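Asks: Model the structure of this input:
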Amino acid sequence: MYKSFTIKNYRCFRDFTLTNLERVNLIAGKNNSGKTSFLEALFIHIGPNNPDLPLRVNRFRGIEFFELVPEDLWGPLFYNKELDKTIELSSINERDERDTLCLKLVEAEEAFITQRGTEASRTSEAEPGKTSLAGATELVLDYENGSGKKGTSRSFISVDGKIGLKLSNIKHKMRAIFLPARDRFLGVDSERYSKLDRLGKADQLVHTMKLLEPRLKRLSVLVTGGVPLINGDIGLKEQIPVPFMGEGVVRLLSILLAIYDAPDGIVLIDEIENGLHHEVMADVWKAIAIAARESDTQIYATTHSWECVVAAHQAFSESHTYDFLFHRFDMDDGEIKPVTYDKSKLDTAIVTGLEIR
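Replies: I've put the predicted structure just below:
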């Protein structure tokens with residue numbers, strides 16, 4: 001798990017550090033205070049050998065680029081769109097090891113890149129052989145882990161107007177899963193459940209899901225209309241697709257499947273309260289706490305909801321371990337600053353009705 005995370009020159013962050021991280025971290029703040037950008041930075045940081053991630057985080061926001069112009073494609077990643085600066089994302093873990101990923105735009109020095117193996121272009125029209133890089137712009141990802149190992153990945157726009165990727169061999173030892181605010185990944189959830197079922201851990205998931213749906217007896221992946229979907233037995237004549245049980249059940253199931261699919265890793269959840277009624281939020285947080293401890297997974301979630309904050313505090317206060325912190329991002333003289341609330345401070349804020357979202 002991470003103890004701290006630093007962001008420099010990424011999106012709205014010029015120089016930002018969040019310390020005293022816990023197993024479960026809930027982040028709030030006003031609009032445009034950097035909550036989603038913080039999750040994105042973590043996601044990119046843990047995929048240093050995947051130069052597609054800086055593009056993927058834009059797609060999470062619903063942004064697709066049809067004209068591949070460097071300033072449009074990568075410009076919004078840089079603080080104040082200063083493309084001559086270097087983005088730096090660095091973490092310190094429990095063993096005091098520092099991992100650092102730097103992103104910068106450069107003019108390609110190589111004339112060609114061989115397209116085979118992990119260096120193949122991701123475009124549909126790519127042909128075997130070589131793609132010209134003369135005069136192209138690259139987004140370079142330089143990574144160094146706590147053991148001193150280094151690797152460089154690249155995402156480039158070639159002169160023939162295609163996006164290509166060149167992946168390094170060095171990977172981050174942890175895995176990160178990002179759950180955007182509104183996208184559904186029913187197919188991915190089916191795959192994750194199948195993997196969990198093969199490992200003999202499906203009963204563990206069902207037991208945790210009962211906190212939200214007490215009637216649930218079992219889950220299984222069934223093909224419905226030609227599509228594999230997770231179905232549940234809730235005592236009716238036959239199993240029904242989980243989406244028919246309500247948005248809250250779907251949301252919690254996606255969250256738990258992501259946690260169980262990222263052991264010793266990180267799960268990032270944007271606007272965690274989406275689809276969940278405030279009356280069930282305490283049970284949702286209890287389920288998340290159970291799954292995170294069982295999988296040794298660290299959680300980062302954002303929220304706009306006061307009820308969500310109160311429910312999280314209640315759930316962890318009633319637990320045997322209060323492994324939870326609440327962080328609020330404030331804008332102070334043009335800079336984003338974090339304010340962290342432990343159990344005692346959160347107790348006081350809730351009792352006094354202090355606005356901390």
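Asks: where exactly do the helices run in the chain?
Replies: Using DSSP state H, the helices of the chain run over 35-45, 53-60, 70-73, 186-198, 202-209, 247-260, 281-295, 306-317, 343-352.
Asks: Ok, which of the ones you listed comes nearest L167?
Replies: Among those, the nearest to L167 by CB to CB is helix 53-60 (11.2 Å). (Glycine included, C-beta is placed from N, CA and C.)
Asks: Check what pLDDT G225 gets.
Replies: As predicted, G225 sits at a pLDDT of 82.
Asks: What of T118?
Replies: pLDDT at T118 comes out at 37.
Asks: Distance check, N231 against S220.
Replies: 6 Å (CB to CB, to the nearest Å).
Asks: between the two, which one's more packed in?
Replies: N231 (22 against 14; other CB atoms under 10 Å).
Asks: The more buried one bridge partners, please.
Replies: For N231, the beta-bridge partners under DSSP bridges are S220, P241.
Asks: Name all residues that make contact with it.
Replies: L219, S220, V221, L222, T224, Q239, I240, P241, V242 (CB atoms under 8 Å, 6 or more residues apart in numbering).
Asks: S194 now?
Replies: Neighbouring residues of S194 by CB under 8 Å, 6+ apart: V221.
Asks: was I right about L211 contacting I288?
Replies: No: between L211 and I288 there is no contact under CB atoms under 8 Å: 9.9 Å.
Asks: Mean pLDDT per helix and strand in the protein: which one sits at the bottom?
Replies: Every helix and strand of the chain was ranked by mean pLDDT, DSSP states H and E. The lowest is strand 112-115, at a mean of 39.
Asks: could you check the distance from the closest residue to A311 other than its chain neighbours over to P180?
Replies: Leaving aside its sequence neighbours, A311 sits nearest to M281 (CB to CB, 6 or more residues apart in numbering; 3.4 Å). From M281 across to P180, the span is 19 Å (CB to CB).
Asks: which of those two has more neighbours?
Replies: Neighbour count, other CB under 10 Å: between M281 and P180, M281 has more, with 23 against 20.
Asks: Against Q314, how distant is that one?
Replies: 9 Å.
Asks: swap in L253?
Replies: Counting by CB to CB - L253 and Q314 are separated by 22 Å.
Asks: same check, this time on L325
Replies: For L325, the distance to Q314 - CB to CB - is 15 Å.
Asks: quick one, what contacts the nearest residue to K195 once chain neighbours are set aside?
Replies: Closest residue to K195 apart from its sequence neighbours, by CB to CB, 6+ apart: D261 at 6.7 Å. Shown in contact with D261 (CB under 8 Å, 6+ apart): I177, R192, K195, L196.
Asks: Tell me how many other residues crowd the first one.
Replies: One way to gauge burial is a neighbour count; for I177, by other CB under 10 Å, it gives 22.
Asks: so it touches P263, yeah?
Replies: No: the criterion here is CB under 8 Å, and I177 misses it with P263 at 11.1 Å.
Asks: Pretty sure the residue nearest to A311 sits against V309.
Replies: No: M281 sits out of contact with V309 when judged by CB under 8 Å, with a separation of 9.3 Å.
Asks: residues near K166, how many?
Replies: A total of 23 residues lie near K166 under the criterion other CB under 10 Å.
Asks: Run the chain-centre distance for stretch 45-56.
Replies: For stretch 45-56, the separation from the chain centroid amounts to 11 Å (computed by CA atoms, centre = their mean, to the nearest Å).
Asks: got a list of contacts for that stretch?
Replies: Under the contact criterion CB under 8 Å, 6+ apart, stretch 45-56 has outside partners 5, 43-44, 65, 73-74, 77, 89-91, 99, 101, 103, 122, 139, 141, 143, 151, 153-155, 163, 165-172, 174-176, 265-266.
Asks: Show me how to select, in ChimeraX, the buried members of these.
Replies: Filtering the contacts of stretch 45-56 down to the buried ones (16 or more other CB atoms under 10 Å) takes a single ChimeraX command:
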select :5,43,44,73,74,77,89,90,91,99,101,103,139,141,143,151,153,154,155,163,165,166,167,168,170,171,172,174,175,176,265,266
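Asks: Can you name the residues bridging to the nearest residue to F316 once chain neighbours are set aside?
Replies: Excluding the flanking residues, the one nearest F316 by CB to CB, 6+ apart is F324, at 4.1 Å. Applying DSSP bridges to F324 gives these bridge partners: V24.
Asks: for the residue nearest in space to the middle of the chain, what are its contacts?
Replies: In the chain, the centroid-proximal residue (CA atoms, centre = their mean) is F178; its distance is 2.7 Å. Each residue near F178 by CB under 8 Å, 6+ apart is listed here: L39, E40, F43, V57, F60, L268, D270.
Asks: Distance check, D261 against N274.
Replies: Distance from D261 to N274, by CB to CB: 20 Å.
Asks: circling back: overlap in contacts of N231 and S220?
Replies: Common contacts of N231 and S220 (CB under 8 Å, 6+ apart): Q239.
Asks: Take the contacts of N231 and write them to TSV, including distance to K35.
Replies: Output for the contacts of N231, formatted as TSV (distance: CB to CB, whole Å):
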residue	distance to K35
L219	31
S220	36
V221	33
L222	37
T224	35
Q239	37
I240	35
P241	32
V242	28
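Asks: buried set for stretch 54-70?
Replies: Neighbour-count burial for stretch 54-70 flags P54, L55, V57, N58, F60, P70 (criterion: 16+ other CB under 10 Å).
Asks: Between which two of those residues is the distance greatest?
Replies: Every pair of the buried residues of stretch 54-70 checked by CB to CB; the farthest is F60 and P70, at 20.3 Å.
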